[in-house]
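A.B. asks: Return atomic coordinates for the entry below.
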Amino acid sequence: MSFSLQAKKAITNIKSEQSKVVRGTLIGIFSRTIKRTPVVSGRLRNNWHTSIGQVDSGTRGENKAGTDSVSSASDGMKSFKIGDAVYFSNNLPYAERIENGGFAKAPAGMLKVSISEVTL
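C.D. replies: Numbering: from 1, shown residues only. Take a look at the predicted model:
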């Protein structure tokens with residue numbers, strides 16, 4: 001095998017590993033955020049959306065476990081590649097207020113706490 005082919009193969013392997021690390025990190029942040037989202041009816045927890053390329057503007061019904069949000073995070077990241085724009089959003093009108101300390105059960109927020117826990 002020529003040096004050029006070896007270099008190309010190495011670069012492909014590095015890119016693949018980068019994608020795996022970033023994908024795993026993002027899924028970890030998203031999962032932690034979903035789990036720490038306070039639950040009254042379950043609507044807020046179940047309305048986290050993960051998408052690539054554009055924001056998902058949908059909303060969902062109640063589910064205290066947030067299984068739709070977890071599925072969205074897992075499914076949404078399957079096609080992720082380095083360089084993709086990844087969106088993790090909650091479209092309920094009160095989500096931002098709770099993230100910014102508007103609820104006693106999440107005084108430091110949900111997403112920003114999960115992001116602060118990441119170590120690479």
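
A.B. asks: Give me the distance between the residue nearest to the spatial centre of the chain and R97.
C.D. replies: Centrality entry for the chain: nearest residue to the mean C-alpha point is F30, 3.4 Å, by Cα atoms, centre = their mean. Distance of F30 to R97, computed by Cβ to Cβ, to the nearest Å: 20 Å. From N, CA and C alone the C-beta is placed, and that goes for glycine too.

A.B. asks: before we move on, what about R45?
C.D. replies: Distance from R45 to R97, by Cβ to Cβ: 15 Å.

A.B. asks: Quick check: buried residues in the longest helix seen in the chain?
C.D. replies: When the chain is parsed with DSSP state H, its longest helix is helix 3-36. The neighbour-count check on helix 3-36 (16 or more other Cβ atoms under 10 Å) flags S19, V22, R23, L26, I27, I29, F30, S31, R32, T33, I34, R36 as buried.

A.B. asks: Great, nothing more from me.
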